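Enquirer: Just to be clear, the model below is a prediction. Sequence and coordinates:
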Amino acid sequence: MENGSGLLNGGLWKLSVLPAIKGRACCVPEQCASSERDVIVMKQSDTAEPSRTDVESPAPGVSKEGGGAVNSSVRTDLTVVVPTFRERENIRPLLEKLSSVLSGLSWEVIFVDDDSGDGTAELVREIAGGDPRVRCIQRIGRRGLSSACIEGMLSSSAKYLAVMDADLQHDESLLPAMHSALVSEDLDIIVGSRYVAGGGVGEWDRSRLWVSRFASRLSRAVIKAELSDPMSGFFMLPREVFQDIVRRLSGIGFKILMDIFASSRRPLRFRELPYTFRTRFAGESKLDTLVAWEFVMLLLDKLVGHIIPVRFILFASVGGLGLLIHLAVLYVCLHLVGLSFVMSQATATMVAMTTNYAINNVFTYRDKRLTGMRFSLGLLTFYMVCGFGAVANVGIANFVYWLDKAWWLAGVTGAIVGAVWNYAVTSVFIWTKPKKA
Ligand SMILES: Nc1nc2c(ncn2[C@@H]2O[C@H](COP(=O)(O)OP(=O)(O)OP(=O)(O)O)[C@@H](O)[C@H]2O)c(=O)[nH]1
Ligand SMILES: [Mg+2]
């Protein structure tokens, strides 16, 4: 049987076909980082042109009096990128705070919203209609904090880029100090840290503190810098530093700062400024157990991603699990239920393929997860792809056996071909860019 990827676990093979598949989906007019890393595609609700702003205009969306004045001679110096997922209630309070602390700078804010469904993007666009400092990128059928930040930064042409959360947990009053440190000193990045003297984690309970510290320790495997808070999502860097790194970013999961440090070819000159993590203002946390899973994916990608794509490792591992599921179901049907072998094998194959598909949808392709009708259509496509994969597997294995007579070599070769086929085709036809709804 062929249940997604057969027996392939781990891997020594450097497959030239895979990076080519990973780099798909860069197309005009959508903008993307044309790297061989995973796809970075923008769905943008406005243009990628820099907005030109009036330095002294009032809070966006708060009062329109004078707020729409545009001084076309002032180039935006700072872009604040804010990833959002269901943050509607936090938008106006955050804009008020940004407006008050950044009043001496020429700045803009770009909200990158993953089609929240609570009206976040609509509200941002409404405010943006009266204030050129506010912009919105709405991504459809995509999820992921890091990739959202990357796309936000790519759409800016400001000299400096900051990233912060929407829920007011990051202390915006640090932004001017971050900016002046970058302007006056020879630094690559300024990080808001909760773990240097003067900083704090606010109301975290002990378990969250422990998890954060543990993750920071694990990150040492891929970060060379002595950062006290590599899990921070609050930082500022010059755009050329970002541009220098962007093609090597993984864009996986929640930890964009760790990704930046781990992707830089040279050690980054950094400074940490203390801040106290505040309590979320409104809305709900998006942290869940799968965020930890994405953290592991990011670590793996940084450790072995240059040899073999981490998604392929996961896909192949899920295939291995599928084989176990297949054997268990086959045993139950054959020996406990008393079905014929053909019926048992058919049932086991369907169960294994279906569970493989569901597991891959949640874990391997969490950022492109399919739901509703698209989930069902994807499942049908998965059955078909795996059917072809099985034919290719058996055909190639047969051929190798005919050549060599080594059963194990024939079996392994067939399984590899089946797995690569399934991975390649499903990543192009199933977990790909969304079509029109
Ligand atoms: N675009 C986008 N933004 C996201 C996604 N997940 C989270 N965010 C945003 O990223 C920021 C951080 O997410 P939070 O849920 O606040 O995570 P956290 O601050 O680590 O956790 P809490 O302390 O529980 O709030 C918020 O502005 C979220 O709206 C996502 O999948 N896509
Ligand atoms: Mg938060």
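Expert: Alright, I've got the coordinates. Owing to the predicted nature of the structure, the values given are computational and were not obtained by experimental measurement. Numbers count the residues shown, from 1 in each chain. Ligands and ions are numbered 1, 2, ... in the order given.
Enquirer: how about the residues of the stretch 51-200 of the chain that lie near ligand 1?
Expert: Residues of the stretch 51-200 of the chain lying close to ligand 1 (Cβ under 6 Å from any ligand atom) are 83-85, 87, 112-114, 143-145, 148, 165-167, 169. Backbone N, C-alpha and C define where each C-beta goes, glycine included.
Enquirer: where in the stretch 301-437 of the chain is pLDDT low?
Expert: 433-437 (pLDDT under 70).
Enquirer: So which residues of the protein form helices?
Expert: 17-22, 88-101, 120-128, 145-154, 175-184, 206-219, 239-245, 256-263, 289-304, 310-331, 341-359, 372-404, 407-429 (DSSP state H).
Enquirer: need those helices in CSV with mean neighbour count, can you?
Expert: Shown next, in CSV, are the helices of the chain (neighbours: other Cβ atoms under 10 Å):
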stretch, mean neighbour count
helix 17-22, 16
helix 88-101, 19
helix 120-128, 21
helix 145-154, 26
helix 175-184, 17
helix 206-219, 14
helix 239-245, 17
helix 256-263, 26
helix 289-304, 18
helix 310-331, 20
helix 341-359, 18
helix 372-404, 16
helix 407-429, 20
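Enquirer: Same list (those) but as JSON lines, adding distance to residue 365.
Expert: Output for these, formatted as JSON lines (distance: least, Cβ to Cβ, whole Å):
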{"stretch": "helix 17-22", "distance to residue 365": "13"}
{"stretch": "helix 88-101", "distance to residue 365": "27"}
{"stretch": "helix 120-128", "distance to residue 365": "23"}
{"stretch": "helix 145-154", "distance to residue 365": "13"}
{"stretch": "helix 175-184", "distance to residue 365": "35"}
{"stretch": "helix 206-219", "distance to residue 365": "23"}
{"stretch": "helix 239-245", "distance to residue 365": "25"}
{"stretch": "helix 256-263", "distance to residue 365": "19"}
{"stretch": "helix 289-304", "distance to residue 365": "11"}
{"stretch": "helix 310-331", "distance to residue 365": "7"}
{"stretch": "helix 341-359", "distance to residue 365": "10"}
{"stretch": "helix 372-404", "distance to residue 365": "10"}
{"stretch": "helix 407-429", "distance to residue 365": "8"}
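Enquirer: Turn these into TSV, columns for distance to ligand 2.
Expert: Converted to TSV, the helices of the chain look like this (distance: least, Cβ to the ion, whole Å):
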stretch	distance to ligand 2
helix 17-22	30
helix 88-101	9
helix 120-128	14
helix 145-154	10
helix 175-184	17
helix 206-219	11
helix 239-245	22
helix 256-263	14
helix 289-304	11
helix 310-331	26
helix 341-359	28
helix 372-404	28
helix 407-429	31
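Enquirer: Could you point out which of the ones you listed sits nearest residue 139?
Expert: Closest approach to residue 139 among the helices of the chain (Cβ to Cβ): helix 145-154, 6.7 Å.
Enquirer: What's the mean pLDDT across the closest one?
Expert: Helix 145-154 shows a mean pLDDT of 97.
Enquirer: just to revisit the earlier point, farthest pair within the residues of the stretch 51-200 of the chain next to ligand 1?
Expert: Taking Cβ to Cβ as the measure, these have their most distant pair in 143 and 169, spaced 19.9 Å apart.
Enquirer: Which one of the residues in the stretch 251-400 of the chain is closest to ligand 2?
Expert: In the stretch 251-400 of the chain, the residue that lies nearest ligand 2 is residue 280 (5.1 Å; Cβ to the ion).
Enquirer: That residue and residue 170 touch, don't they?
Expert: No. Contact criterion Cβ atoms under 8 Å: residue 280 and residue 170 do not qualify, at 10.9 Å.
Enquirer: So which of the two has more stuff around it?
Expert: residue 170 (24 against 17; other Cβ atoms under 10 Å).
Enquirer: give the contact list for that one.
Expert: Contact analysis of residue 170 by Cβ atoms under 8 Å, 6 or more residues apart in numbering lists 164, 192, 233, 234, 275, 277, 278.
Enquirer: give me that answer again for 6 Å
Expert: Counting by Cβ atoms under 6 Å, 6 or more residues apart in numbering, residue 170 touches 164, 234.
Enquirer: so how far is residue 414 from the closest residue to residue 422 other than its chain neighbours?
Expert: The shortest distance from residue 422 to any non-neighbouring residue, by Cβ to Cβ, 6 or more residues apart in numbering, is to residue 389 (4.3 Å). Computed with Cβ to Cβ, to the nearest Å, the distance linking residue 389 and residue 414 is 10 Å.
Enquirer: same thing with residue 430?
Expert: 22 Å.
Enquirer: how's this structure carved up into domains?
Expert: 31-304, 310-429 (automatic domain parsing).
Enquirer: now the last one, how far from the centre of its chain.
Expert: For domain 310-429, the separation from the chain centroid amounts to 26 Å (computed by Cα atoms, centre = their mean, to the nearest Å).
Enquirer: again with the first one
Expert: Going by Cα atoms, centre = their mean, the spacing between the C-alpha centre of domain 31-304 and its chain's C-alpha centre is 13 Å.
Enquirer: Test my guess that residue 275 contacts residue 175.
Expert: No. Using Cβ atoms under 6 Å as the test, residue 275 is too far from residue 175 to be in contact (10.3 Å).
Enquirer: Now do the strands in the stretch 1-150 of the chain.
Expert: 78-84, 107-113, 134-138 (DSSP state E, counting those that start in this stretch).
Enquirer: ok so, going back, distance of the residue of the stretch 251-400 of the chain closest to ligand 2 relative to ligand 1?
Expert: As judged by Cβ to the nearest ligand atom, to the nearest Å, residue 280 and ligand 1 stand 4 Å apart.
Enquirer: Now that residue, what are its backbone angles?
Expert: Phi and psi for residue 280, reported as degrees, to the nearest 10, are phi -50, psi 130.
Enquirer: One more: residue 233?
Expert: phi -110, psi 20.
Enquirer: for it, what are its contacts?
Expert: With contacts defined as Cβ under 6 Å, 6+ apart, residue 233 is in contact with residue 165.
Enquirer: how about 10 Å then?
Expert: With contacts defined as Cβ atoms under 10 Å, 6 or more residues apart in numbering, the neighbours of residue 233 are 83, 145-146, 149, 163-165, 169-170, 191-192, 254-258.
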